[in-house]
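1. what follows is a predicted protein model with its sequence.
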Amino acid sequence: MARRTVSIVPHTHWDREWYSPFQTFRLRLVDLLDDLLPSLDADPAYAHFMLDGQMAVVDDYLAVRPQAEATLRRLAASGRVSAGPWYILMDEFLVSGETTIRNLQRGLDRAASFGGAMDVGYLPDMFGHVAQMPQLLQQFGFEHAVVWRGVPAAVDRSAFWWSAPDGSTVRAEYLPQGYGNGARLPDDAKALVAAVADFESEWDSFLVGPILWMNGTDHLMPQPWLGRVVAEANDLQDDYELVVRPLAEHLALASIDALPSWTGELRSGARANLLMGVTSNRVDVRAAAARAERALEQLAEPLAALYQPAERWPGALLDEAWLDLVRNSAHDSICACSVDEVCDAVLHRFAEATQIGEGLATRALDALAATLSVAGPIVVNPSSRARSGLVELILPGNDPIEGTQVLNVRPPDRVMADLDLTEMAPVVIRELKHNDRITRLALESVETGALLWSAERDANGELLSPGARAELDALTESTTGQVRIRITSPPTQLVVTRVEDVPGFGWQAWNGPAPTVAPVTAHDGALTNGLVRLEFHEHGTWSINGQRGFGRIVHGGDVGDTYNWCPPDGDTEIDTTTRSEVAIVESGPMRGRARITSTHRWPERTGGEMVDTQVVTTLELRAGEPIVRVETSWTNRTRDQRVRVHHPLPAPALGSRAECVFAVVERGLEAEGGPTELGIPTFPSKRFVQAGGLTVVHDGVHEYELVDIRDAHAHEIAITLARCTGLLSQMPMTTRPLPAGPITPMEGSQLQKPIVATYALHIGNADPYALVDDVLVPLQVVRKTSGRAPTDDTAVPTEGQMLSVDGAPVSALRRVAGQLELRVFNPSNDTTTVTVEGRRGWLVDLRGRPVEHFDEQFTLAPWRIATAVLHD
Ligand SMILES: [Zn+2]
């Protein structure tokens, strides 16, 4: 009988940061590679080592061992070491599609300088897999994926054909026992053969083709006896032929006969723990991720690409910001199932990326303003679709302007400060020099009100003439006591007003208010704009268009951990308030706001005494918008809890549609669990989720669950606002009997700080991607501060469009090698035509390789992602 091949793939799984911070794990990484590289050189029988499919391992090592670079290059080029393809082994659900693409692009680029990347979509430890991963892998040129968590019970072989919604299919090698089935290779050939035989008999008909023996696990040091023991094992039996080889070589031999098929996301707990509660564990990390991704993807990149010349493209800064995002996308980092030091580092990286992104966006807007000869405010639309909506503007004068709503007025005369005379002079001098809006500045005695000194602009526009300066100095020397600084300047008002039809990727000079569409009014304690009517009820809830029960806040206990929610035995949910009041704080016509302040009595911790928490929810309606914007916040002083907000569904629902990477995924009312993890239908949603006619648009990935199931239909959606736990991993728990990491107490995951959730509700059929733009990517306002004055009014354009893209949502617009690169996707079952007006170029794959020329238009099949390089 022929011997069955056993492919032994020596590797290590290197979580860059997790139950220890990065620097602590890195010390161990340095030890590992310091040992490994000489062993590989000295022992040809130690034929291969896989560096966990991620280039971060290489860079983190070389940062402190630069002298090892030549050795690593030589070993990689000769095939003894495989590196990449990823830069980091990310989580797929909690980061954007762009972050995933940039991660793989960065990994491939970096691996290229080590002789090329491992040709395998290696996904060993991700907490489930997104539906579009097969398409992403294919567009990067991969034919193979390797997966573990998330594979459903319906897959009954160690390999399957895995398809994305567009039909892209890869062969997925399923690791039935994870990436460490051969972790600790015994220094004993008989024991090795016995272990392989045990594995084979346990999995039996499940295994197709050669056996894959993954020799490594989390942070495990290599076993130097590998080559010798494998040779001895081959000599002492005839059942198996053991070969130490790269993973790609194993997959090239692997069976493709009679494999089962699966289309879409892999989120089952049937065969391995999915760890389905990570979505809700640290809402602060989710919010920081969303802000940073938005700053780069939807502000900095498109605005710099559109409004700055190619030679000013801020590539180096963007690269630094993206490196922060890619590092944070590591599964233990973004999933926040890590010690507090790691979460602190993650938040810091997101903050820096956000600072770069938002700063570059401001630079790009200023660059636009500098090129325009239009006076006054300019409204800029950072999205690809034409947009209408509200903007806040500072306008001259303090007379009410039709079509605007005044937020505050700066009067012509106001007191700037009361100061001791000795401290006053530098303040006055600085104001007079730098504040060119001031027309007059006067000093009065606080005691008597007498005018002590004043200065007015002279004919040359100067406020601080030499004579006035001398008077001021004399006053300082001759008088003591408190002075009042009173300044006079032209009055201004901060208003909110609506603009109409600002072109996509374009701008519009503000030219007076548009006629008000669907103005907001407040009557009898209700807010309405004719499209949506809000009324307020008991326990802090409200109704939309007569349907009651929105905004019910539900508190339950959580004795789980950062990985999984777990209610305490006999838990009682609390959904009432002890007090709740409503105040209309803005009453239209452009914007109406109601503030609900409610007091909730929640246990301080599991079994602890009841304490009051004050929750403030602000509801906002805007003129012309069928959207209710919601912000709920509280200062969190309670622990071991899950706090959700429930909203009724306008119609009973059999399932949900949630945004995921480059797709909208449909999910039913149940989740598949398994022997070691209870299936709980709490799912992640990227920016929106829809059910029963309700769309919830939310800032940051959120966890949702369809609840109130009656007659097999859901009648409510619950959105998790916060889930607070005190352990990295717990055990045993009724929802997950085995630990998922060390039992480490943590304070950060109790979220003892202000919690803010921002989302919006829409009842109707609006395009959810348009809602996302309106709610999460506001129109920008830039004011021209200097530059040319208008010379000829007829020649001054009041509107412009830098790029017209129609037919599909835009995921990215940036410059690559000087040229504009545009990425769109088709989140629907219908073929669409994408029109890029007046532009031609090449469609490319995700490695940038040309696929097809296009001239102004191309078709995009259902669920396809397309990247276009624009040549002119
Ligand atoms: Zn891991």
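-> Looks like it arrived, so ask away. Numbering: from 1, shown residues only.

2. what about residue 613, which helix or strand?
-> Following DSSP states H and E, the helix or strand that holds residue 613 is strand 610-622.

3. which residue ranges of the stretch 601-750 of the chain form helices?
-> Here the stretch 601-750 of the chain has no helices by DSSP state H, counting those that start in this stretch.

4. what does residue 845 show for phi and psi?
-> Per-residue torsions, residue 845: phi -90, psi -170 (degrees, to the nearest 10).

5. again but with residue 548, I slipped
-> The phi/psi pair for residue 548 (degrees, to the nearest 10) reads phi -90, psi 170.

6. now the one 4 residues further on
-> Geometry field for residue 552 lists phi and psi as phi -80, psi 120, criterion degrees, to the nearest 10.

7. coming back round to it: let me see the mean pLDDT of the strand holding residue 613.
-> Per-region confidence: strand 610-622 scores 98 on mean pLDDT.

8. that strand: which residues count as buried?
-> Neighbour counts using 16 or more other CB atoms under 10 Å place 613, 615, 617-622 of strand 610-622 among the buried residues. Quick note: C-beta positions are derived from backbone N, CA and C, even for glycine.

9. for the ion, what's its nearest residue on the stretch 1-150 of the chain.
-> Residue nearest to the ion within the stretch 1-150 of the chain (CB to the ion): residue 125, separated by 3.6 Å.

10. and that residue, helix, strand or coil?
-> The local conformation at residue 125, judged by DSSP: H, G, I helix; E, B strand; the rest coil, is coil.

11. ok, for the residue nearest in space to the middle of the chain, nearest residue in space, not its chain neighbours?
-> In the chain, the centroid-proximal residue (CA atoms, centre = their mean) is residue 290; its distance is 3.2 Å. Leaving aside its chain neighbours, residue 290 sits nearest to residue 700 (3.9 Å; criterion: CB to CB, 6 or more residues apart in numbering).

12. my guess is the one you found contacts residue 283, does it?
-> Yes. At 7.0 Å, residue 700 and residue 283 qualify as touching, with contact defined as CB atoms under 8 Å.

13. what about the residue of the stretch 601-750 of the chain at minimum distance from the ion, how many residues nearby?
-> Distances between the stretch 601-750 of the chain and the ion by CB to the ion are smallest at residue 741, namely 9.6 Å. By other CB atoms under 10 Å, 22 other residues sit near residue 741.

14. that one and residue 15 touch, don't they?
-> No. Using CB under 8 Å, residue 741 is not in contact with residue 15, being 9.6 Å away.

15. shared neighbours, the two?
-> Both residue 741 and residue 15 lack any common contact, where contact means CB atoms under 8 Å, 6 or more residues apart in numbering.

16. flag every residue of the chain that's near the ion.
-> 15, 125 (CB under 5 Å from the ion).

17. now the longest helix that the chain contains: average pLDDT?
-> Identified as the longest helix of the chain according to DSSP state H is helix 340-371. What helix 340-371 shows for mean pLDDT is 97.

18. tell me which residues in that helix are buried?
-> Residues of helix 340-371 classed as buried by neighbour count (16+ other CB under 10 Å): 341-343, 345-347, 349-350, 352-354, 356-358, 360-361, 363-365, 367-369.

19. rewinding a little: next, the buried residues of whatever helix or strand the residue nearest to the centre of the chain lives in.
-> In this structure, residue 290 sits in helix 283-294 according to DSSP H and E. Residues 283-294 are the ones in helix 283-294 that count as buried (16+ other CB under 10 Å).

20. let me know the closest of the residues you listed to residue 132.
-> Ranked by distance to residue 132 (CB to CB), the buried residues of helix 283-294 are led by residue 293 at 16.6 Å.

21. which residues touch the helix or strand of the chain with the lowest mean pLDDT?
-> Counting by mean pLDDT, DSSP states H and E, the chain has its least confident helix or strand at helix 421-434, which shows a mean of 79. For helix 421-434, the surrounding residues in contact (CB under 8 Å, 6+ apart) are 416-417, 419, 438, 441, 443, 455, 463-464, 469, 472-473, 475-476, 479-483, 485, 487.

22. again, but for stretch 819-826
-> Here stretch 819-826 makes contact (CB under 8 Å, 6+ apart) with 97-98, 101, 305, 310, 662-663, 803, 805, 807-815, 832, 834, 836, 841, 844, 860-871.

23. now, of these, which are buried?
-> By neighbour count, with 16+ other CB under 10 Å, these hold 97-98, 101, 305, 662-663, 803, 805, 807-815, 832, 834, 836, 841, 844, 860, 863-870 as buried.

24. keep only those of those that are in helices.
-> Judged by DSSP H, helices contain the following of the buried ones among the contacts of stretch 819-826: 97-98, 101, 305.

25. columns pLDDT on top of those, output as TSV?
-> Compiled in TSV, these are given as follows (pLDDT from 0 to 100):
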residue	pLDDT
97	98
98	98
101	98
305	98
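
26. and residue 320, what does it touch?
-> By CB under 8 Å, 6+ apart, residue 320 lies in contact with residue 356.

27. can you say which helix or strand has it in it?
-> With DSSP H and E as the test, residue 320 turns up in helix 315-328.

28. same check, this time on residue 593
-> For residue 593, the host element (DSSP H and E) is strand 591-603.

29. next: residue 454.
-> Taking DSSP H and E as the definition, residue 454 sits inside strand 451-456.

30. and the pLDDT for residue 796?
-> Residue 796 carries a pLDDT value of 68.

31. whoops, residue 788 was the one
-> pLDDT, residue 788: 47.

32. now swap in residue 446 and tell me
-> pLDDT for residue 446: 89.

33. does it really touch residue 480, like I thought?
-> No. With contact defined as CB under 8 Å, residue 446 does not reach residue 480; the gap is 11.7 Å.

34. those two: who's more crowded?
-> residue 446 (13 against 10).

35. the ion versus the more buried one, what's the distance?
-> 65 Å (CB to the ion, to the nearest Å).

36. which residues does that residue contact?
-> 418, 481-484.

37. could you list the buried residues of stretch 469-478?
-> 472, 475-476.

38. now render those residues as a markdown table, adding pLDDT.
-> Formatted as a markdown table, those follow (pLDDT from 0 to 100):
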| residue | pLDDT |
| --- | --- |
| 472 | 83 |
| 475 | 83 |
| 476 | 82 |
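
39. got JSON lines for those, with distance to residue 254 and secondary structure too?
-> Below are these laid out as JSON lines (distance: CB to CB, whole Å; DSSP: H, G, I helix; E, B strand; the rest coil):
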{"residue": "472", "distance to residue 254": "86", "secondary structure": "helix"}
{"residue": "475", "distance to residue 254": "89", "secondary structure": "helix"}
{"residue": "476", "distance to residue 254": "87", "secondary structure": "helix"}
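
40. which residue would be the closest one in the stretch 501-650 of the chain to the ion?
-> Going by CB to the ion, the ion is nearest to residue 563 of the stretch 501-650 of the chain, at 12.1 Å.

41. that residue touches residue 274, doesn't it?
-> No. Judged on CB under 8 Å, residue 563 makes no contact with residue 274 at a distance of 9.4 Å.

42. for the ion, what's its nearest residue on the stretch 151-300 of the chain.
-> Residue nearest to the ion within the stretch 151-300 of the chain: residue 218 (6.4 Å; CB to the ion).

43. next, the angle helix 283-294 makes with the helix holding residue 320.
-> Going by axes from the mean of the first three to the mean of the last three CA atoms, to 10 degrees, helix 315-328 is angled at 150 degrees with respect to helix 283-294.

44. could you dump helix 315-328 to CSV, C-alpha only?
-> Extracted in CSV, the C-alpha atoms of helix 315-328 (Å, rounded to 0.1, in the frame of the first residue of the first chain):
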residue,chain,number,x,y,z
GLY,A,315,2.6,59.8,0.5
ALA,A,316,5.0,59.4,3.4
LEU,A,317,2.6,60.7,6.0
LEU,A,318,-0.2,58.6,4.7
ASP,A,319,2.1,55.6,4.7
GLU,A,320,2.9,56.2,8.4
ALA,A,321,-0.8,56.5,9.2
TRP,A,322,-1.7,53.3,7.3
LEU,A,323,1.1,51.4,9.1
ASP,A,324,-0.6,52.4,12.4
LEU,A,325,-4.0,51.1,11.1
VAL,A,326,-2.5,47.9,9.7
ARG,A,327,-0.7,47.1,12.9
ASN,A,328,-3.9,47.8,14.9
